[in-house]
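# give me coordinates for this.
(one chain, ligands or ions: 1)
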Amino acid sequence: MKIKFIGLLASKIGKEVEIELSKEITLTELIEELVRRFPQAKDELSDPHFYNFSVNGVLIKHDDVPKTRVSNNDTVVFIPAIAGGSKSVKVKGVIKKNFDESSTTYTMFEEKYGFFTSLAKDMVEFANFKKGFCLDVGCGTGILRNVLPDSEIVGLDISIGMLKEARDKLDHVLAGDAEHLPFKDDSFDAVLFNASIFLIPNADLALKESLRVVRDGGVVAGSYLVGFYHNGRNALETIGLKHREVFPSKKLDELVEEMGGEIEPFSYSGHRDVALDFYSVPAMSNALFPGLSYEERLRLVREKLSELPDEIEFVWKMFRI
Ligand SMILES: C[S@@+](CC[C@H](N)C(=O)[O-])C[C@H]1O[C@@H](n2cnc3c(N)ncnc32)[C@H](O)[C@@H]1O
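Okay, here's the model as predicted:
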């Protein structure tokens with residue numbers, strides 16, 4: 001049987017391999033066989049959501065992988081669900097893993113403060129989008145539903161952990177990468193990025209893709225974090241901490257302006273505890289203390305952020321193109 005690989009798997013295994021099967025097997029069994037033969041690519045192969053599969057040119061849905069049978073006459077292609085060069089694929093792999101581990105704490109944080117719901121409400125108002133067919137890029141747990149009850153929403157996210165929460169709330173969900181949208185041109189009335197655009201290493205590609213899939217007269221909009229402030233000063237910096245940005249907010253300002261879009265700052269006041277709980281979400285704590293275990297990150301978040309002043313300004317920006 002012929003198996004073709006693209007992206008990271010191609011660099012670890014080769015672009016194409018031939019293997020001989022003694023009988024028909026399922027795609028799940030094929031992956032197990034490939035892990036045995038190519039242990040150097042075990043991590044990528046063991047996470048089938050990292051890839052989409054096609055058999056003889058037909059795309060296979062993830063739910064159908066365990067029941068799809070293949071034999072020696074078939075050609076299977078592993079297509080990366082995460083697009084980009086090897087450097088950005090690695091960054092996105094880390095982001096995906098962190099959000100996979102974040103769905104429970106993210107939901108608890110949202111139930112306690114309604115933080116991302118408030119942000120989403122202001123974002124759709126700023127976008128002047130009331131109802132329609134929209135793509136929610138980096139949909140997370142699906143909170144966009146709270147502010148667009150009557151829209152048909154397609155949620156796309158890199159993290160399966162987050163998508164599992166979103167699937168009961170949104171009309172359709174799919175695993176994928178914002179930098180490579182699997183939709184035809186002019187498909188949506190709106191493409192929305194609530195608190196997700198600044199986490200995408202090639203945000204420029206994601207915005208270009210959004211402008212391609214939004215219909216003429218539709219809107220691309222989103223929100224991004226600028227920082228946590230107190231008396232006009234960066235509150236984290238005053239206690240010796242730094243939030244590492246994947247795509248810096250200053251670069252986003254430039255990018256949106258180059259694309260002819262508009263930007264407006266939005267500020268939310270809150271107690272220090274909101275910042276403490278925000279950074280207790282595994283994915284967020286990684287922005288402060290990358291490379292450490294979650295236990296260690298959480299310990300540091302609790303220790304260091306208790307030094308923050310009582311009142312914090314959470315500064316975000318909204319954009320629309
Ligand atoms: C802070 S959460 C926001 C989730 C949701 N939009 C909300 O408002 O609650 C960011 C989300 O973006 C997703 N994400 C990050 N990079 C992505 C990418 N390259 N493609 C698709 N989703 C991505 C993360 O997995 C995460 O679910």
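
# near the ligand, which residues of this structure are found?
92, 95, 99, 116, 120, 138-140, 143, 156-159, 162, 177-179, 194-196, 199-200 (C-beta under 6 Å from any ligand atom). Using the backbone N, CA and C atoms, a C-beta is placed for each residue, glycine as well.

# what bridges to Glu311?
For Glu311, the beta-bridge partners are His271 (DSSP bridges).

# is it true that it touches Ser269?
Yes: contact status for Glu311 versus Ser269: in contact at 6.4 Å, counting by C-beta atoms under 8 Å.

# who has more neighbours, these two?
Glu311 (12 against 9; other C-beta atoms under 10 Å).

# contacts only, for that one.
His230, Ser269, Gly270, His271, Arg272 (C-beta atoms under 8 Å, 6 or more residues apart in numbering).

# what are the structural domain limits within the chain?
What automatic domain parsing lists as the domains of the chain is 2-81, 87-320.

# distance between the shortest one and the chain's centre?
Yep, that's domain 2-81 we're talking about. In terms of C-alpha atoms, centre = their mean, to the nearest Å, the centre of domain 2-81 is set 24 Å apart from its chain centre.

# which stretch in the domains of the chain has the least confidence?
Least confident of the domains of the chain, judged by mean pLDDT, is domain 2-81 with a mean of 89.

# output the helix or strand encompassing Val220 as PDB - backbone C-alpha positions only.
Element membership for Val220 (DSSP states H and E) is strand 214-230. Extracted in PDB, the C-alpha atoms of strand 214-230 (Å, rounded to 0.1, in the frame of the first residue of the first chain):
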ATOM      1  CA  VAL A 214     -15.900  35.800   4.200                       C
ATOM      2  CA  ARG A 215     -18.400  37.000   1.600                       C
ATOM      3  CA  ASP A 216     -18.300  40.400   0.000                       C
ATOM      4  CA  GLY A 217     -19.900  42.800   2.500                       C
ATOM      5  CA  GLY A 218     -19.200  40.400   5.400                       C
ATOM      6  CA  VAL A 219     -17.000  41.200   8.400                       C
ATOM      7  CA  VAL A 220     -13.800  39.800   9.900                       C
ATOM      8  CA  ALA A 221     -13.500  40.800  13.500                       C
ATOM      9  CA  GLY A 222     -11.900  39.800  16.800                       C
ATOM     10  CA  SER A 223     -10.400  40.800  20.200                       C
ATOM     11  CA  TYR A 224      -6.800  40.600  21.400                       C
ATOM     12  CA  LEU A 225      -5.100  41.100  24.800                       C
ATOM     13  CA  VAL A 226      -3.000  44.200  25.300                       C
ATOM     14  CA  GLY A 227      -2.200  43.600  29.000                       C
ATOM     15  CA  PHE A 228      -3.100  44.000  32.600                       C
ATOM     16  CA  TYR A 229      -2.600  47.600  33.900                       C
ATOM     17  CA  HIS A 230      -2.700  49.600  37.200                       C
END
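
# buried sites along it?
214, 218-230 (16 or more other C-beta atoms under 10 Å).

# what does stretch 75-93 give?
76-84, 88-89, 91-93.

# could you export it as CSV, CA atoms only?
Extracted C-alpha coordinates of stretch 75-93, given in CSV (Å, rounded to 0.1, in the frame of the first residue of the first chain):
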residue,chain,number,x,y,z
THR,A,75,-3.4,5.1,-1.2
VAL,A,76,-3.6,6.8,2.2
VAL,A,77,-2.5,10.4,2.6
PHE,A,78,-1.8,12.0,6.0
ILE,A,79,-2.6,15.7,5.7
PRO,A,80,-1.6,18.0,8.6
ALA,A,81,-4.4,19.6,10.5
ILE,A,82,-1.9,22.1,11.7
ALA,A,83,-0.4,24.1,8.9
GLY,A,84,3.0,25.9,8.7
GLY,A,85,6.7,25.4,8.7
SER,A,86,8.3,23.2,11.3
LYS,A,87,8.9,26.1,13.8
SER,A,88,5.3,27.3,13.8
VAL,A,89,4.0,23.7,13.9
LYS,A,90,6.0,23.2,17.1
VAL,A,91,4.6,26.4,18.7
LYS,A,92,1.1,25.4,17.7
GLY,A,93,1.6,21.9,19.0
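
# so what touches it?
1-9, 11, 27, 30, 49-57, 70, 96, 158, 175-177, 179-180, 201-202, 205, 246.

# these, buried ones only, as a ChimeraX selection?
A single ChimeraX command selects the buried members of these (16+ other C-beta under 10 Å):
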select :1,3,4,5,7,8,9,27,30,49,50,51,52,53,55,70,96,158,175,176,177,179,180,201,202,205,246
